[in-house]
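Trainee: Prediction below, plus the sequence it came from.
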Amino acid sequence: MSKNNLISIIIPAYNKSEELRTCLASVFQQNYPAFEVIAVNDGSTDNTVHILEEYKHKFWQKNIRFKIIQQNNQGAQMARNRGLREARGAFLIFWDADVVASPQMMTKMHAALQNHSDASYAYASFTYGKKKFKLWDFDKEKLKQMPCIHTTTLIKYDDFPGKWNTSVDRLQDWDMFLTMLEKDKIGVFVPEFLFTVLTDHGTMSSWLPKVAYKFMPWHENVKKYQNAVAVIKKKHGL
């Protein structure tokens with residue numbers, strides 16, 4: 001397969017050693033024929049660096065490029081941007097260290113983009129622990145109303161905005177997809193559950209059921225979420 005179909009997987013990792021091993025195993029099992037892995041260790045103090053080194057050799061044995069970048073802790077956005085600078089592929093996927101994917105995920109997302117030339121990215125439904133997030137066909141108005149597309153999405157390199165916005169503290173993925181929408185870059189939906197976000201130590205640990213946002217406005221996590229939504233909507237004039 002030509003470089004035009006190479007996928008660059010960028011993994012920001014910070015103190016996620018328990019999840020990282022499972023994450024990398026699912027990357028290793030992907031049946032897509034051409035990809036590279038760029039892992040950014042964002043100042044972890046756990047066993048992250050040893051797990052990355054262990055898997056580097058496994059990927060190398062399959063002739064898959066696996067680059068490890070070490071940096072002081074700067075946050076997920078900076079880690080993603082650092083990994084992006086090393087990417088060689090025509091496609092990008094920002095694969096969080098607590099994400100475990102179906103072996104067919106990248107193949108199915110890539111096929112969706114091949115079949116929909118007007119789309120800049122392909123996304124899917126996913127599971128967060130035992131909670132299923134069933135998404136829908138791309139809808140510009142729904143995207144303007146709420147964050148719904150996860151970071152683990154296959155994006156055409158040439159259509160990516162250039163970098164992640166480090167000035168946004170929360171809902172960075174929503175901010176990024178809205179930025180793309182403002183440039184008429186749209187997505188295509190793969191109607192399957194293609195990955196799971198692990199929850200024991202996951203970044204979505206503050207997630208609350210939908211009913212909480214209606215009946216628990218006093219809850220600290222609800223307030224933080226609503227404030228973050230207001231920031232993003234103001235930035236994008238929504």
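Mentor: Yes, it's here.
Trainee: Now residue 185. Nearest residue, chain neighbours left out?
Mentor: Distance criterion Cβ to Cβ, 6 or more residues apart in numbering; nearest residue to residue 185, sequence neighbours excluded, is residue 120 at 3.9 Å. No exception for glycine: its C-beta is placed from N, CA and C like everyone else's.
Trainee: Equivalent analysis for residue 142, please.
Mentor: In space, and not counting its chain neighbours, residue 142 is closest to residue 148: 6.6 Å by Cβ to Cβ, 6+ apart.
Trainee: Please settle this for me: is residue 175 part of a strand?
Mentor: No: counting by DSSP: H, G, I helix; E, B strand; the rest coil, one finds residue 175 to be helix, located in no strand.
Trainee: My guess is it contacts residue 234. True?
Mentor: No: taking contacts as Cβ atoms under 8 Å, residue 175 lies outside contact range of residue 234: 11.3 Å.
Trainee: Show me which of the two is the more surrounded one.
Mentor: residue 175 (22 against 9; other Cβ atoms under 10 Å).
Trainee: which secondary element of the chain has the worst mean pLDDT?
Mentor: Least confident helix or strand of the chain, by mean pLDDT, DSSP states H and E, is helix 210-215 with a mean of 44.
Trainee: which residues does the residue nearest to residue 142 contact?
Mentor: Taking Cβ atoms under 8 Å, 6 or more residues apart in numbering as the criterion, residue 148 is in contact with 135, 142, 174.
Trainee: Tell me how many other residues crowd the residue lying closest to residue 118 once chain neighbours are set aside.
Mentor: Leaving aside its sequence neighbours, residue 118 sits nearest to residue 186 (Cβ to Cβ, 6+ apart; 6.8 Å). For residue 186, the count of nearby residues is 18 (other Cβ under 10 Å).
Trainee: Check the one 10 residues further on too.
Mentor: Residue 196: 19 surrounding residues under other Cβ under 10 Å.
Trainee: so it sits in a strand?
Mentor: Yes: judged by three-state DSSP, residue 196 forms part of a strand.
Trainee: Got the confidence number for it?
Mentor: pLDDT recorded at residue 196 is 97.
Trainee: How about the one 5 residues further on?
Mentor: Confidence per residue is given as pLDDT, and for residue 201 that number is 42.
Trainee: Could I get the full set of strands for this protein?
Mentor: Per DSSP state E, the chain carries strands over the ranges 7-13, 35-42, 66-71, 91-94, 99-101, 119-128, 131-133, 154-156, 186-197.
Trainee: Same list (these) but as JSON lines, adding distance to residue 228.
Mentor: Listed next are the strands of the chain as JSON lines, based on distance: least, Cβ to Cβ, whole Å:
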{"stretch": "strand 7-13", "distance to residue 228": "19"}
{"stretch": "strand 35-42", "distance to residue 228": "21"}
{"stretch": "strand 66-71", "distance to residue 228": "25"}
{"stretch": "strand 91-94", "distance to residue 228": "19"}
{"stretch": "strand 99-101", "distance to residue 228": "21"}
{"stretch": "strand 119-128", "distance to residue 228": "18"}
{"stretch": "strand 131-133", "distance to residue 228": "18"}
{"stretch": "strand 154-156", "distance to residue 228": "22"}
{"stretch": "strand 186-197", "distance to residue 228": "18"}
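Trainee: Which one of the ones you listed has the poorest average confidence?
Mentor: strand 131-133 (a mean of 91).
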